Every structure is written in C-alpha cells, then in structure tokens.
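Colleague: Here is my input; please provide its structure:
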Amino acid sequence: MNTRYTTAVAGLVVVLLAGCATKEPPVAAKPAPTPAPEAAKPAPAPAAPTETYSRLAGRSIKPIAVKPISVKADCSYRDPTGYGGKLKLAMTNSQVSALQAEIQVPKRGNCAFALKDFHQTAREPSVTLSSNSGACTVRVWEQEGKVTVAFNSCKDRCQGDSFDYVWPILVDARTGKCS
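Modeller: Below you'll find the model as predicted:
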C-alpha cells in the first residue's frame, strides 16, 4: 500500500508541476497606430466657367461667380413680425467705402455695424470685413443679382441675445432695395 500511495502522490505532484509549467498565454499585440487623417483639401475650381460643380449637377443652383462687386444701397426693411433694419452700403470693385447697418429684433434688442469698426481683409470670392477688436466678421457676396450682407460671431455688436436671431440682409444689386 505504501507503494501505491507513493505512486499516487508522485503522480499528483507531476500533474501539479505540469500545470505550473504551462506557457504564459500570448500577450495581445498592440494595435498599429492609426495614421492621422489628412486635412480635407478644397475641391479644385472648375476648368472653365461653364463647367458645373459635381454637387450642383442636376440642380437649379448655380455656382457663385467670382467677379468684382459694385453696389450702392440706402434702404430699410421690416417684416410683419417687426423684424427689420436699415442699411447704407457702398462698394465699387469689391472695395467697401461705406457700411452702416442696424438690425432690430423684436423683444430681443438690436445690432449695429459701422465701417469705422472694421477693416477689409478680402475682396474675392467674397468681400470680408474683420472687426478691429473681437471676432465679428461681415461678409458680402453677390449671387444671381442679389447681394448678401452676412454677419458672423458678432454678439458684441448686439444687445442681449439678439444676435442669435439675426439674418443676413439681401440687397437687389440693380435697384439697391433691401429685405
């Protein structure tokens, strides 16, 4: 019995030692670093003015022509809700010589923009006026006979939260009337 017992203990020791002698599980390989995405490159301009951008194909939207803007406006507008404003704008060959805009937002306040508070930083494809202090930008472009005067990041030119409700001003390039 002593031999059986010794054999059994020896077998148990061998099994226990065999369990301790197994290889370590393989370590998962680190994933390869993801390459940084390339910066989005702007779409190239069409080769000829008659060529249509692919995103505009089959639609009635026309690309904005890159040409000098000349417009003169001294107008005011108001909609049925009371939203409205006044605009004095003079531009010749995309050079701004006068800008005075005031926008009233009912129950919110008003916004005011004057050329003396801005400097012109671009002429094409859109005229850009940047604030002398702050992040406010005024952009002007012409499309299909309408000149758009748009305002971006201009909360400091407005009362309260009225800038959150400001829309661009549209000017008929031929008549100088605005809406």
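Colleague: Spell out which residues sit in contact with the residue nearest to Ser94 when sequence neighbours are not counted, please.
Modeller: Leaving aside its chain neighbours, Ser94 sits nearest to Arg123 (4.0 Å; criterion: C-beta to C-beta, 6 or more residues apart in numbering). Bear in mind the C-beta positions are built from the backbone N, C-alpha and C, glycine included. Arg123 sits next to Pro68, Ser94, Gln95 when contact means C-beta atoms under 8 Å, 6 or more residues apart in numbering.
Colleague: from the residues you listed, which ones fall inside helices?
Modeller: In this view, the contacts of Arg123 have no member that belongs to helices under DSSP state H.
Colleague: among the residues you listed, who's most crowded?
Modeller: Among those, Ser94 has the most neighbours (other C-beta atoms under 10 Å), with 20 neighbours.
Colleague: isn't that one right next to Glu124, touching?
Modeller: Yes. In this structure, Ser94 is within contact of Glu124 by C-beta atoms under 8 Å, at 6.5 Å.
Colleague: Overlap in contacts, the two.
Modeller: Common neighbours of Ser94 and Glu124 (C-beta under 8 Å, 6+ apart) are Pro68.
Colleague: Just the ones of the contacts of Arg123 in strands?
Modeller: Applying DSSP state E to the contacts of Arg123, the entries found in strands are Gln95.
Colleague: Closest one of the contacts of Arg123 to Val166?
Modeller: Ser94 (23.4 Å; C-beta to C-beta).
Colleague: contacting residues around the closest one?
Modeller: Contacts of Ser94 by C-beta under 8 Å, 6+ apart are Pro68, Ile69, Ser70, Arg123, Glu124, Val127.
Colleague: follow-up on the earlier one: backbone dihedrals for the residue nearest to Ser94, please?
Modeller: phi -120, psi -30 (degrees, to the nearest 10).
Colleague: State the distance from Asp117 to Leu87.
Modeller: 15 Å (C-beta to C-beta, to the nearest Å).
Colleague: Compare these two (neighbour count), which wins?
Modeller: Leu87 (21 against 17).
Colleague: which SSE is that one in?
Modeller: Element membership of Leu87 [criterion: DSSP states H and E] is strand 84-92.
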